[in-house]
Structures are given as structure tokens and as C-alpha cells.
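J.: model this:
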Amino acid sequence: MARITLSSRELNHDVSSAKKAAQEGPVVITDRGKPSHVLMTYGEFQRLSGKRRSLVEALAMPGLASIEFDPPRTEIAPRKIDLS
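T.: Below you'll find the predicted structure:
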């Protein structure tokens, strides 16, 4: 993921280029040489801000089939209850 840095003056002069750059990764906006803001796509913002997805969406994510997951089986035994 590319990280591009623009001054606030550069952003004001060419907003469309900054928006195109945000498609590739976050664009750091500086004010007097210090990072002050980050421009990113709305989709990336939703991902980072914890947008909840349904279980179906989470399981349909690409790349999950390559993850090995074999949890140990647990035995649940009933407890004896004394009703006396």
C-alpha cells in the first residue's frame, strides 16, 4: 500500500489527484510540515472504523479458505444433581 504525503497547499491546488491517490492508500496531509490529516476512501474508513458485517459476509471473505483451523474437541459431561 502506497503512502503519499501532500501539503495542505498541494491538496487545495489539486484535490482530484489527491482523491485518485487515496484509491491506492492513505494520503497524509501536512500543515507546516507536520502530519495533520489523512485522506482515505470511504470503504477503507468503514473497514478501519469497525463496520460490523454479518457472519455470512465474514465467512465469504477472500483468503479464508487457506487458513487452517482445527480446534481441539471439547467434551461436555453432565453434572450430577443432588435434589435431596
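J.: residue boundaries of the strands in the protein?
T.: With DSSP state E as the criterion, the chain has strands at 4-7, 27-31, 34-39.
J.: got CSV for those strands, with mean pLDDT and mean neighbour count too?
T.: Where you see a C-beta, it was placed from the backbone N, CA and C, and this is true even at glycine. Listed next are the strands of the chain as CSV, based on pLDDT from 0 to 100; neighbours: other Cβ atoms under 10 Å:
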stretch, mean pLDDT, mean neighbour count
strand 4-7, 91, 15
strand 27-31, 94, 16
strand 34-39, 94, 12
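J.: export the ones you listed to JSON lines and append columns for distance to Leu83.
T.: Converted to JSON lines, those look like this (distance: least, Cβ to Cβ, whole Å):
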{"stretch": "strand 4-7", "distance to Leu83": "71"}
{"stretch": "strand 27-31", "distance to Leu83": "68"}
{"stretch": "strand 34-39", "distance to Leu83": "63"}
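J.: go through those and name the closest to Ser17.
T.: Closest approach to Ser17 among the strands of the chain is made by strand 4-7 (8.4 Å; Cβ to Cβ).
J.: gap between the closest one and the chain center?
T.: Chain-centre distance of strand 4-7: 21 Å, with Cα atoms, centre = their mean, to the nearest Å.
J.: which outside residues touch it?
T.: By Cβ atoms under 8 Å, 6 or more residues apart in numbering, the residues outside strand 4-7 that reach it are 18, 21, 24-31, 33, 35.
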